[in-house]
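**Q** what follows is a predicted protein model with its sequence.
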Amino acid sequence: MKKGDHLFLIDGSGFIFRAFHALPPLTRKSDGLPVGAVSGFCNMLWKLLTDARDTSVGVTPSHFAVIFDYSARTFRKDIYDAYKANRSAPPEDLVPQFGLIREATRAFNLPCIETEGFEADDIIATYARKAEAIGADVTIVSSDKDLMQLVTANVHMYDSMKDKQISIAEVIEKWGVPPEKMIDLQALVGDSVDNVPGIPGIGPKTAAQLLEEFGDLDGLLARAGEIKQVKRRENILAHADQARLSRRLVELRTDVPLDLNLDALVLEPQDGPRLIGFLKAMEFGTLTRRVAAACDCDADAIEPAALHVEKAEAAHGPDLDAADPNAGPSAAPPARAGARGKDADVTGETSPAELAKSRADAFATAKIDKSCYVTIRDVEALDDWIRAASETGLIAFEAEATSIDPMQAELAGISLSLADNTHTPAGGEICSAYIPLGHKSGASDLLGGGTSENQLSMPEALERLKPVLEDASVLKVGHNLKFAYLLLKRYGIVVKSYDDVMLMSYVLEAGKGGQGLDSLSERWLGHIPMTYKEVAGSGKAGVTFDMVDIEKAMTYAAEKVDLALRIWLVLKPRLVAERLTAVYERLERPMVATLAEMEERGITIDRQILSRLSGELAQKAAAFEDEIFQLAGERFTIGSPKQLGDILFGKMGLPGGAKTKTGQWSTSAQVLEELAAVGHELPRKIVDWRQLTKLKSTYTDALPGYVHPQTKRVHTSYSLASTTTGRLSSVEPNLQNIPIRTTEGRKIRTAFISTPGHKLVSADYSQIELRVLAHVADIPQLRQAFADGVDIHSMTASEMFGVPVEGMPADVRRRAKAINFGIIYGISAFGLANQLSIERSEAGDYIKRYFERFPGIRDYMENTKAFAREHGYVETIFGRRAHYPDIRSSNPSVRAFNERAAINAPIQGSAADIIRRAMVKMEGVMSKAQLSARMLLQVHDELIFEVEDAEIEATLPVVVSTMEQAAMPAIAMRVPLKVDVRAAHNWDEAH
DNA sequence: CTCGCTAGTCG
DNA sequence: CCGACTAGCGAGG
């Protein structure tokens, strides 16, 4: 150790007692072993080891040790027999945790120090003084007053639970004397807990005053006769020896023989797998996840460690304070160690599945009590909630705003929900609060409504909330967190460490129903929540949330977070039980921040181009309308399929083809094309008119309306949980269906442009779904074709029809291409016949021939169907599940439809997983390569970036390799992935 | 004003 | 034949 180093000394014994009383009585899930203090201890160590700079310690440790009391007689007992004789046995629930905390220390690869005959405090004192002598700085992690005598300019204390540093000034503030006089002060005051006698009638205030006047204890005892107060003078004179004895008891020894010298305390790197093994054995899921992420380990692959400590008897914890001190609504958070009911988790569960079940059962019937919801209107109450969140490390939150568009919304308020003990679901206290921040006075105010009275100022509240929202050691729970994430990012808060119950449910139940908070609440809690409409009205009578009466808003907002927290408690163990944690952690949760950033960036569109196109389309469409009315002999609504059908198949008597499922004549493009092909003029013009009006109404007219007033860009919103297969979807506007297949439509893409000095880069996977098929079904010819880089449709045509690839007629290839797509879609003769406009029997022959050539594909399809029938779901190569409950339907067409979807889902879903992996990795890859490329859009198999001109050349290969390697290392694909990439100033030319 | 239907855009 | 979203129409509240 040298000058400038920084030694952290953890008062392990002190921490155990304090954590035991301050933290919720957490028990290990599987056997009810009390582990609350161990959990708090591990979280603290992790935070100090990874994040100490961000705490109020403000420095990173170079040396680190955890010090414990050696549970035997100490030298103080020899001095004074009654020393610590008042101490009662530690609480029953704490006993097994002593050993576990020592194990935890070793699992963190930290020195675990204890010396017979000395208390932890003496060892700490010895190390601190030695380090100080060398010129190193010391932080003692403890809030014990007995250690305050050690504080100097270079030795500080740190209260980890309050995140507060204790330096000279804090000691003076608290005790009225500087640290070096703490020994004398304690000698005068005594300590009834430790049986340090002191002098009767002298408390901290008097002691400080006396020391101020007489300098120190010796000075005081020598001149005690000068004291005016009779009783006080007599007490001091009578108990002078007692005070001297007390001083010997409280003064810490700095000469303890040390087994490890200072250099041996140097901070060693973490042994990730070992630590994860311990944390898994303790069932500390959140911390396991964090550690795994930090050390880039796969937690799922690590076995829980075998603990050396004897497993305690599974027992209920003691019923601490039975009464709830916070009965009745108040703006105070639920008591930390307060009332708790039956601990449903301790009733003998042994497996994650059983825990998941008991949680689900407990919550399915738990009553939701809205009477405990509160409004936070003052800083004190807010601070109480924030402190409680920091202590429990878990809080549900939601941002309420004036719009469902996070790019336009203004914050109206924030709701919070805390559980006093996350492992006492049914009986535990879950309570919620709403912090109104931007509410306006009601509409009755003719002046238009000013800011409502009696709410916290938004900047002040956000300043206080920011640290906890950005604190990686406090898990934030929410529903559809991307909304709050993006909204708060606009307010300067970047939420760190979160769980999204919408995504958790999506991973568990995609295909089984909606993932809205209302659906989840009904499904898991049997509770139907208030609707937004009930609170804010709708349509003409609707108001923005900031105009809603605060009491009403509070109930609605507080209920939402209450539900989110309960759903989290139900779903979190289910993820583990169903072995879906990796899917959630790798493919879902990281997408929240990735997509929020893409949405925030948006893309520039050229409104002039769109406006010019709109004009052209309007002119052309008008010309078609005239001609259509001429040919029809009357004016009618061309856009009405019903009216159009009457004209074509009624009045004009054309041969009607297909009917829709409601019995109407179909006027689909396919029907009209067939009529046009046999020489009818009107259907052709209808088809053309439809194309023009579609382009105009859906794109050229609509897109400019989405340009953001401030950013001047278009910000789509991606939905992470609306498809069964794992694909994203894009809304408001949908930027995943911008035209490309016709030259007219394609022009719209020229309106998507890069900012000056930049280009748009489009990178798309080539044939990713067929490659996935070749991988999962393991088809030799397909694998070979992709390995050789040959045209896959030509290869298919060649195999099926015996036509050489060289000089293949375009039509033969077209048919093979349709068959290839059909295969991915769970082919049917009906569908293929429709697609190719051929007879169903002919399509059937094609399929038969295809399966003869590629029997592995038929096997894959049959196996997938059988799996889906048996399990009700299918899986992607990364383990994502897509559920098809109707695959067992007795209705043959419903069943067949579900079978086709089930065949398609692993293919489409695996491709979706691959591009998700690429997206999650992309940002880190770019920053590592010191490139500033910004990912803007995702279109299923394509990513669009905006890249500075000077960096294009360097960026393209990075994009390509990140995308092509995206399946690795989780899956080594049997076929290569191929990515095509181009840069240009607009999307049309880049694609 | 809401909702289902038809149609058409994309991968 | 798979997966999405949106516009316009028109029926029903």
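**A** Arrived safely, thanks for sending. Numbering: from 1, shown residues only, chains lettered A, B, ... in the order given.

**Q** drop to CA atoms for contacts and neighbour counts, all remaining ones
**A** Noted.

**Q** what residues sit buried inside the helix or strand containing residue A:391?
**A** Assessed by DSSP states H and E, residue A:391 sits inside helix A:379-392. Within helix A:379-392, the residues that count as buried by 16 or more other CA atoms under 10 Å are A:381, A:382, A:383, A:385, A:386, A:387, A:388, A:389, A:390, A:391, A:392.

**Q** what do you get for stretch A:735-754?
**A** Neighbour counts over stretch A:735-754 (16+ other CA under 10 Å) mark A:735-736, A:738-739, A:745-754 as buried.

**Q** and the residues you listed near DNA strand C, which?
**A** Among the buried residues of stretch A:735-754, proximity to DNA strand C is found for none (CA under 7 Å from any atom of the strand).

**Q** and the two most separated of those residues?
**A** Using CA to CA, the two most remote members of the buried residues of stretch A:735-754 are A:745 and A:754, lying 19.5 Å apart.

**Q** least confident secondary structure element in chain A?
**A** Lowest by mean pLDDT, DSSP states H and E among the helices and strands of chain A is helix A:75-79, with a mean of 79.

**Q** report the buried residues of that helix.
**A** residue A:76.

**Q** show me what secondary structure element comes after that helix.
**A** In N-to-C order, the element after helix A:75-79 by DSSP H and E is helix A:95-107.

**Q** returning to that earlier point: can you list contacts of the least confident helix or strand of chain A?
**A** A:83, A:117, A:118, A:249 (CA atoms under 8 Å, 6 or more residues apart in numbering).

**Q** before we move on, what about stretch A:251-261?
**A** A:115, A:118, A:121, A:122, A:123, A:125, A:126, A:127, A:129, A:183.

**Q** my guess is the last one contacts residue A:149. True?
**A** Yes: here residue A:183 reaches residue A:149: they are 6.2 Å apart, a contact under CA atoms under 8 Å.

**Q** against DNA strand C, how distant is the residue of chain A most remote from its centre?
**A** Most distant from the centre of chain A: residue A:225, at 68.0 Å, with distances by CA atoms, centre = their mean. Separation of residue A:225 from DNA strand C (CA to the nearest atom of the strand, to the nearest Å) stands at 87 Å.

**Q** again, but for residue A:80
**A** Going from residue A:80 to DNA strand C by CA to the nearest atom of the strand gives 76 Å.

**Q** so the longest helix along chain A, near DNA strand C or not?
**A** Across chain A, the helix with the greatest residue count (assigned by DSSP state H) is helix A:892-928. Yes: Helix A:892-928 is in contact with DNA strand C by CA under 7 Å from any atom of the strand, via A:897, A:898, A:900, A:901, A:904, A:905.

**Q** which parts of the stretch 601-750 of chain A are helices?
**A** Here the stretch 601-750 of chain A has its helices, by DSSP state H, counting those that start in this stretch, at A:607-632, A:641-645, A:669-677, A:681-694, A:743-746.

**Q** okay, those in TSV with mean pLDDT next?
**A** TSV is the format used below for the helices of the stretch 601-750 of chain A (pLDDT from 0 to 100):
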stretch	mean pLDDT
helix A:607-632	95
helix A:641-645	92
helix A:669-677	91
helix A:681-694	95
helix A:743-746	94
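
**Q** among the ones you listed, which is the most enclosed?
**A** Stretch with highest mean neighbour count among those: helix A:681-694 (a mean of 19; mean count of other CA atoms under 10 Å).

**Q** name every strand pairing with the next helix or strand after the longest helix of chain A and say which way it goes.
**A** Later in the chain than helix A:892-928, the nearest helix or strand by DSSP H and E is strand A:934-938. Here strand A:934-938 has these sheet partners by DSSP bridges: strand A:942-948 (antiparallel).

**Q** is any residue of the strand it pairs with near DNA strand B?
**A** Yes: against DNA strand B, strand A:942-948 shows contacts by CA under 7 Å from any atom of the strand at residue A:942.

**Q** which outside residues touch that strand?
**A** A:754, A:757-765, A:932-938, A:955.

**Q** enumerate the residues of chain A near DNA strand B.
**A** Going by CA under 7 Å from any atom of the strand, the residues of chain A near DNA strand B are A:538-540, A:641, A:660-670, A:687, A:690-691, A:694-695, A:736-742, A:745-746, A:939-942.

**Q** residue A:625 and residue A:687 touch, don't they?
**A** No: at 11.6 Å, residue A:625 does not count as touching residue A:687 under the criterion of CA under 8 Å.

**Q** contact residues of the stretch 851-991 of chain A facing DNA strand C?
**A** Residues of the stretch 851-991 of chain A lying near DNA strand C (CA under 7 Å from any atom of the strand): A:897, A:898, A:900, A:901, A:904, A:905.

**Q** contacting residues for residue A:767?
**A** residue A:978.

**Q** for the one 5 residues further on, same thing?
**A** With contact taken as CA under 8 Å, 6+ apart, residue A:772 is in contact with A:907, A:910, A:911, A:975.

**Q** closest to DNA strand C out of the residues you listed?
**A** Ranked by distance to DNA strand C (CA to the nearest atom of the strand), those are led by residue A:907 at 9.5 Å.

**Q** count the neighbours of the closest one for me.
**A** Neighbourhood size, residue A:907 [other CA atoms under 10 Å]: 26.

**Q** same question for residue A:438.
**A** 24.

**Q** for it, which non-adjacent residue is closest in space?
**A** residue A:412 (4.3 Å; CA to CA, 6 or more residues apart in numbering).

**Q** what of residue A:292?
**A** Nearest non-adjacent residue to residue A:292 (CA to CA, 6+ apart): residue A:299, at 5.7 Å.

**Q** again, but for residue A:190
**A** residue A:198 (3.8 Å).
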